[in-house]
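Enquirer: for reference, the sequence and a predicted model appear below.
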Protein chains: 4
Amino acid sequence: MYHFMDFNMVTDNYTEQPMPNSLHSLRDAIRAFAQAREWQQFHTPKNLVMAMSVEAAELVEHFQWLTPEQSQQLDPAAKEAVAQEIGDVLIYLTRLADVLDIDPLQAAFDKMEINAAKYPVEKSRGHNKKYDQL
Amino acid sequence: MYHFMDFNMVTDNYTEQPMPNSLHSLRDAIRAFAQAREWQQFHTPKNLVMAMSVEAAELVEHFQWLTPEQSQQLDPAAKEAVAQEIGDVLIYLTRLADVLDIDPLQAAFDKMEINAAKYPVEKSRGHNKKYDQL
Amino acid sequence: MYHFMDFNMVTDNYTEQPMPNSLHSLRDAIRAFAQAREWQQFHTPKNLVMAMSVEAAELVEHFQWLTPEQSQQLDPAAKEAVAQEIGDVLIYLTRLADVLDIDPLQAAFDKMEINAAKYPVEKSRGHNKKYDQL
Amino acid sequence: MYHFMDFNMVTDNYTEQPMPNSLHSLRDAIRAFAQAREWQQFHTPKNLVMAMSVEAAELVEHFQWLTPEQSQQLDPAAKEAVAQEIGDVLIYLTRLADVLDIDPLQAAFDKMEINAAKYPVEKSRGHNKKYDQL
């Protein structure tokens, strides 16, 4: 469990206000983390997108030998490990969006609108065909 | 740009309240989207993690032939295309976390705390060594 | 089906000898292909590994919504599309190994030896535990 | 370095003939390896394509923080680690193709022919535009 004051004391002192529970606060925490370590130099979009894809694959690894049914019933240790990998992907995705000056949540809602047009309910119900085959 | 009422009318009518700007509202929008299309049957964690990794690679594709410097100066068309792919990754990551009953934002903040311990500021400043080589 | 003389005439004339059926001949064909297009400048290991991972994901995409059983029974059109993606991954993997001066087949046999030591038959039989959990 | 007789003695005794230097011999070695461990049950195309993509990402990881120039000048330890990852990708790609009854080398040569038609020399020389933008 994340305790803001612990993190603050142990590491970076990047703010004195408690962080609200949002992607913006995550973005700000990552900015401070990178700045304290002088890592901005490595955080080009090209490098960050590679790092994000590597974290995505580490998440895949937990599921590669599981049946679909097993993937729905992770034991607590596996679930905790998976949660950490989900955290890693979200961290790098948030950082990538930040250095590109893109709002990831807005981008996701915009894409939902596009998806809704590509996959009309009546044509898409109950099967997994790609939009260009509807 | 996402306009909530448009989306609502065109597609799913999943709620009558305006959506707050948060990952929870994105999660709820995806739930409604999947439910309207009866896609829950396809949304096992195993399948979703594969889809998420495919979207991550579509994001990588935009950067594969760019220099690091070029990756920092996307033209507007490329930036819009990249924003859509970031949206796709966030959508599938949010959906994966939802079916696993994991809070992705909490997971990210928890991982930030772990990262802060793995990469102490003094030992990590200005270079890109992995934590086991510090 | 690949017809060597057709390819030769249509495109690159990179050799006058018929190509033996080997990874070395594929490596040479890719070299000639890149050279004819002056693409060596883009073929840094960093760029090629990104391109290879993107092709790997395009292969994944064909399987993401299939059950394990369905993945074993591709129809002819899907099998042909999958074969093309396998070709793409092998092309980029071969090219990456070439610019790094690594023999991919030797690397694979070397890794088989390592895997045999990591996964002794008696301890590994019939389950999918990772080597550090045997 | 791979020594055939060592591998043979230590592990699987799958053949008494020396292995020719080809993808077919790698395919046969992997078949014997999987059979000795009764792993065929896990080797559905869906699972194997996930494992292949994870190995592809482990290869990406070695390059994520390197500049393009640094990626061309790996030190010996990094080169050996990269070679092992290239081996892993080739192993899983070969195994995936085998269970799908696809010849990966033929698929690659067939794809080279398609690529030659998509990227005519005159239109493709010296730039990295995608074929649909030529």
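Expert: Now that the structure is in, tell me what you want to look at.
Enquirer: what's the neighbour count on the residue of chain A found nearest chain D?
Expert: Residue nearest to chain D within chain A (CB to the nearest CB): A:A57, separated by 3.1 Å. Any C-beta I mention is one placed from the backbone N, CA and C, and that applies to glycine too. Each residue near A:A57 was counted by other CB atoms under 10 Å in any protein chain shown, and the total is 28.
Enquirer: which residue packs closest to it, ignoring adjacent ones?
Expert: For A:A57, the nearest residue in space outside its immediate sequence neighbours is D:A57; the separation is 3.1 Å by CB to CB, 6 or more residues apart in numbering or on different chains.
Enquirer: returning to what we had before: what angle do the helix or strand containing the residue of chain A closest to chain D and helix B:45-61 make?
Expert: Assigned by DSSP states H and E, A:A57 belongs to helix A:45-61. Orientation note: helix A:45-61 sits at an angle of 170 degrees relative to helix B:45-61 (axes from the mean of the first three to the mean of the last three CA atoms, to 10 degrees).
Enquirer: output the contacting helices and strands for helix A:45-61.
Expert: Using 3 or more CB pairs under 8 Å, 6 or more residues apart in numbering or on different chains; DSSP states H and E, the elements in contact with helix A:45-61 are helix A:76-99, helix B:45-61, helix B:68-71, helix B:76-99, helix D:45-61.
Enquirer: so the residue of chain A closest to chain D sits right up against B:S53, yeah?
Expert: Yes: A:A57 is in contact with B:S53 according to CB atoms under 8 Å; the separation is 6.3 Å.
Enquirer: which neighbours do these two share?
Expert: Any residue near both A:A57 and B:S53 by CB atoms under 8 Å, 6 or more residues apart in numbering or on different chains counts here, and that gives D:S53.
Enquirer: show me the residue at the heart of chain A, geometrically.
Expert: A:L90 (1.8 Å; CA atoms, centre = their mean).
Enquirer: what about the closest residue to that residue other than its chain neighbours, is that helix, strand or coil?
Expert: The shortest distance from A:L90 to any residue that is not its chain neighbour, by CB to CB, 6+ apart, is 4.3 Å, and that residue is B:A108. Of the three states, B:A108 takes helix under DSSP: H, G, I helix; E, B strand; the rest coil.
Enquirer: who's in contact with B:A108?
Expert: A:L26, A:I86, A:G87, A:D88, A:L90, A:I91, A:T94.
Enquirer: go with 6 Å
Expert: The contact partners of B:A108, by CB atoms under 6 Å, 6 or more residues apart in numbering or on different chains, come to A:L26, A:G87, A:L90, A:I91.
Enquirer: wait, isn't the third one in contact with B:P104?
Expert: Yes: contact criterion CB atoms under 6 Å: A:L90 and B:P104 qualify, at 5.2 Å.
Enquirer: before we move on, back to that, so for B:M112, which of the helices and strands packed on helix A:45-61 sits nearest?
Expert: B:M112 lies closest to helix A:76-99 among those, at 6.8 Å (CB to CB).
Enquirer: the closest one vs helix A:45-61, what angle?
Expert: Using the same axes, to 10 degrees: helix A:76-99 against helix A:45-61 is 160 degrees.
Enquirer: how far away from the center of its chain is helix A:76-99?
Expert: Taking CA atoms, centre = their mean, to the nearest Å, the mean C-alpha location of helix A:76-99 is offset from the chain mean by 5 Å.
Enquirer: buried residues in that helix?
Expert: Neighbour counts using 16 or more other CB atoms under 10 Å in any protein chain shown place A:78, A:81-99 of helix A:76-99 among the buried residues.
Enquirer: average model confidence for that helix?
Expert: Taken as a whole, helix A:76-99 has a mean pLDDT of 98.
Enquirer: repeat that for stretch A:119-134.
Expert: pLDDT averaged over stretch A:119-134 equals 89, rounded to a whole number.
Enquirer: please apply the same query to stretch A:36-45.
Expert: Confidence over stretch A:36-45 (mean pLDDT, whole number) is 96.
Enquirer: check which residues of it are buried.
Expert: In stretch A:36-45, residues buried by neighbour count (16+ other CB under 10 Å) are A:A36, A:R37, A:W39, A:F42, A:H43, A:T44, A:P45.
Enquirer: just the endpoints, please. Distance across that stretch?
Expert: Across stretch A:36-45, the terminal residues are separated by 19 Å (CA to CA, to the nearest Å).
Enquirer: give me the contacts around that stretch.
Expert: Outside stretch A:36-45, the residues that reach it (CB under 6 Å, 6+ apart) are A:12, A:34, A:99-100, B:68, B:71-72, B:121, B:124-126, B:128, D:65.
Enquirer: what would these look like in JSON lines with distance to A:S22?
Expert: Written out in JSON lines, the entries for the contacts of stretch A:36-45 read as follows (distance: CB to CB, whole Å):
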{"residue": "A:D12", "distance to A:S22": "19"}
{"residue": "A:A34", "distance to A:S22": "19"}
{"residue": "A:V99", "distance to A:S22": "19"}
{"residue": "A:L100", "distance to A:S22": "19"}
{"residue": "B:P68", "distance to A:S22": "30"}
{"residue": "B:S71", "distance to A:S22": "27"}
{"residue": "B:Q72", "distance to A:S22": "26"}
{"residue": "B:V121", "distance to A:S22": "25"}
{"residue": "B:S124", "distance to A:S22": "26"}
{"residue": "B:R125", "distance to A:S22": "28"}
{"residue": "B:G126", "distance to A:S22": "30"}
{"residue": "B:N128", "distance to A:S22": "29"}
{"residue": "D:W65", "distance to A:S22": "28"}
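Enquirer: narrow those residues to those that are buried.
Expert: Buried subset of these (neighbour count, 16+ other CB under 10 Å): A:D12, A:A34, A:V99, A:L100, B:S71, B:S124, D:W65.
Enquirer: touching, the fifth one and A:N47? I think so.
Expert: No: taking CB under 6 Å as the definition, B:S71 is not a contact partner of A:N47, at 8.2 Å.
Enquirer: what touches both of those two?
Expert: Between them, B:S71 and A:N47 share no contacting residue under CB under 6 Å, 6+ apart.
Enquirer: and the residue located most distally from the centre of chain A, what does it touch?
Expert: For chain A, the C-alpha lying farthest from the average C-alpha position belongs to A:E122; by CA atoms, centre = their mean, that distance is 30.9 Å. Taking CB under 6 Å, 6+ apart, we find A:E122 in contact with no residue.
Enquirer: hmm, 10 Å instead?
Expert: A:L134, B:A36, B:R37 (CB atoms under 10 Å, 6 or more residues apart in numbering or on different chains).
Enquirer: which SSE is it in?
Expert: Per DSSP H and E: A:E122 is located in helix A:121-124.
Enquirer: same deal with A:N128?
Expert: Secondary structure here is read from DSSP H and E; on that basis A:N128 sits in neither a helix nor a strand.
Enquirer: got phi/psi on it?
Expert: The phi and psi values for A:N128, taken as degrees, to the nearest 10, are phi -120, psi 30.
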